[in-house]
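A.B. asks: show me the folded form of this:
(2 chains)
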Amino acid sequence: MNATLFRKNKGWLILFAAPAAVLFGIVIVIPLFQTFYYSFFEWNGIRTEAFRGLDNYRKMFTSREINTSLINSIVYAVFLVVYQVGLGTAFAFILTQARVKGRLIFRNLYFIPVLLSVSVVAQLWIWIYNGEYGLINQLMKALGINWSQNWLNQKWTSLLAVAFVEAWKGMGYIMLIIYAGVRNIPEVYNEAAAIDGASALQKFRHITLPLAAPTIRVTVVMCLTNGFRAFDTTYLMTGGGPGIFTYNLTIMMYEAMMRKVDYGYGSAIAAFIVVICVGLMYAINRATQRYDRIYE
Amino acid sequence: MGKKFGKIILYTILVAYAVLSLYPLIWMFLYSFKDNNEIFITNPFGLPRVWRFENYTDALTQFDVLIYFRNSMLVAVATILLVELFSLLFCYVVARVQNRLTRGLHFLVSSGMFIPIQAVMIPLVIIVRRFGFTNSLWSVIVPYTALGLPFACMLFYGFYLGIPIDLEESAFMDGANLGTIYFRIILPQMKSPVVVLVIYQFMSCWNEFNLALIMLTKNRLKTLPLGLVNFWTAYQAQWGQVGAAMIMSSIPVMIVYLFFSNQIADAMSVSGMKN
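C.D. replies: This is a model prediction of the structure:
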């Protein structure tokens, strides 16, 4: 029956679907292929491109920045997962417990940093970390501890300081996703566990964690891929410096694109980022597939 | 006894994290009314001794906040309208007509969720240059619209599946065409997801930085996040004024949040339902 409704209105269907499909094709699908295509060429965007095979990839893997960038991207991504998914899961669990008062207030307060523009957050934390007048060092001084650090100008503190800012800004978002997942767990499980006299920790371990696992997995994928494609915070806070201490793949790509105007090389880095992100997603889904079956 | 102790620890943790989320902002709010002497030496933590509203007027006059504000607004409004229109119609077809083509399209658009922006950046810059969009806000509106489609589709798809098809069928029997049916019968039932998408899209446009940085190089076209960076590099030494500019540019999202925090929570949690 409804087949006739839609068969008689083919023109309308095409009119409805075409704008989005065409736009998505032109802006996302074709450029995605172009990125991979360009990565095999030497090209500055103006003159005709020259085929160079794998030269751009060779250049990337032998460049001075690649080791630091890769290690930093990994540290950054892992930091995001540990901080955001770790705290997010803990808070989501606490804030879904009916006994806890002021749950909505806490949920909303934790979300506020998510709303801020990255420019505001970056500048705010640059000043919090400031070596002389920064909030952290001033607090230390007020507490009588003489331990001022130049957070953004030292090797390891700079990377972790930036990663912390990104994690801090986005935690509320990840928490909210897990929160929704935890709330979707049918009440009967918890009631049954309560009758059996399970403690909060036992409920968390044996009910919440396994049943919210699919949602948590989504957030792990989000945090990991965010770590590899993160650009704004690092760009604004350190620009990859001091030296190349906070360099990562996206900064490398930005430099290739804007400073060196080497689009082929930039495309190779972009393609590498895509491969990492898609690969991670695939790997995590594969690795956790068997758990799905147990709980479904 | 043990239970009470546990409760105290629990609330201490909750409050501590609330302080960590908020205190930096409160600190920023307070220093936006102070002068450097107060911020740096005499009074880094407390309320300002004198509330210096001139920081705000200074920021307004030295910082082209109105231009940036207008640009951000235009970009956000145009993107919201286009994403709503395109994805509502597209998703309706994909949800109602289930065949190989529509399923393929649905999968294609949904998988756009996980593509990093860097993947399409260089070709987009070149397209924009080639078609002479470099001097207009369309150079970000069009990509934002396309990048907004995956989330929008995911959101609408479920809602369409939940609308029974009977009404469409009887209207069709009465001789209405699909255009009329859609706008008269289906669209009015989509109010709540439409609102959720408006909010989600507003927040992501308002704060987007990476693509805007690449696309909008002229000062008169810059959006607020970019304009702010200009301002703080030029006035690095005046914390009070920069603080004022940052507070002002955060106000619109804060207002939206104040009114719609529950819808925002819904919108955000949809993004985890995927997979």
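A.B. asks: contacts and neighbour counts: CA atoms only from here.
C.D. replies: OK.
A.B. asks: what segments of the stretch 151-275 of chain B are helices?
C.D. replies: B:166-173, B:178-181, B:191-207, B:210-215, B:224-234, B:239-270 (DSSP state H, counting those that start in this stretch).
A.B. asks: can I get the shortest one in CSV? Just the C-alpha atoms.
C.D. replies: Think helix B:178-181. In CSV, the C-alpha atoms belonging to helix B:178-181 read as follows (Å, rounded to 0.1, in the frame of the first residue of the first chain):
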residue,chain,number,x,y,z
LEU,B,178,3.9,14.1,-1.2
GLY,B,179,4.9,17.7,-0.8
THR,B,180,1.6,18.7,0.8
ILE,B,181,1.6,15.5,2.9
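A.B. asks: ok, back up a step: the helices of the stretch 151-275 of chain B into a markdown table, with extra columns for mean neighbour count, mean pLDDT and distance to A:E255?
C.D. replies: Compiled in a markdown table, the helices of the stretch 151-275 of chain B are given as follows (neighbours: other C-alpha atoms under 10 Å in any protein chain shown; pLDDT from 0 to 100; distance: least, C-alpha to C-alpha, whole Å):
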| stretch | mean neighbour count | mean pLDDT | distance to A:E255 |
| --- | --- | --- | --- |
| helix B:166-173 | 15 | 84 | 54 |
| helix B:178-181 | 16 | 87 | 49 |
| helix B:191-207 | 20 | 86 | 23 |
| helix B:210-215 | 19 | 91 | 12 |
| helix B:224-234 | 20 | 87 | 18 |
| helix B:239-270 | 20 | 82 | 27 |
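A.B. asks: can you redo those helices as CSV, where the extra columns are distance to A:N150?
C.D. replies: Converted to CSV, those look like this (distance: least, C-alpha to C-alpha, whole Å):
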stretch, distance to A:N150
helix B:166-173, 66
helix B:178-181, 63
helix B:191-207, 28
helix B:210-215, 27
helix B:224-234, 19
helix B:239-270, 18
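A.B. asks: need those in TSV with distance to chain A, can you?
C.D. replies: TSV is the format used below for these (distance: least, C-alpha to the nearest C-alpha, whole Å):
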stretch	distance to chain A
helix B:166-173	6
helix B:178-181	6
helix B:191-207	5
helix B:210-215	6
helix B:224-234	5
helix B:239-270	4
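A.B. asks: out of those helices, flag the one nearest A:L95.
C.D. replies: Between A:L95 and the helices of the stretch 151-275 of chain B, the tightest spacing by C-alpha to C-alpha is seen for helix B:239-270, at 13.6 Å.
A.B. asks: tell me which helix or strand in chain B has the weakest average pLDDT.
C.D. replies: helix B:36-37 (a mean of 76; mean pLDDT, DSSP states H and E).
A.B. asks: quick one: closest of the helices of the stretch 151-275 of chain B to A:G131.
C.D. replies: Minimum separation from A:G131 across the helices of the stretch 151-275 of chain B (C-alpha to C-alpha) falls at helix B:239-270, 14.9 Å.
A.B. asks: which elements pack onto that closest one?
C.D. replies: helix A:103-115, helix A:155-183, helix B:2-31, helix B:54-62, helix B:191-207, helix B:224-234 (3 or more C-alpha pairs under 8 Å, 6 or more residues apart in numbering or on different chains; DSSP states H and E).
A.B. asks: what's the most buried one of these?
C.D. replies: helix A:155-183 (a mean of 23; mean count of other C-alpha atoms under 10 Å in any protein chain shown).
A.B. asks: what's the angle from that one to helix B:239-270?
C.D. replies: Inter-element angle recorded for helix A:155-183 and helix B:239-270: 40 degrees (by axes from the mean of the first three to the mean of the last three C-alpha atoms, to 10 degrees).
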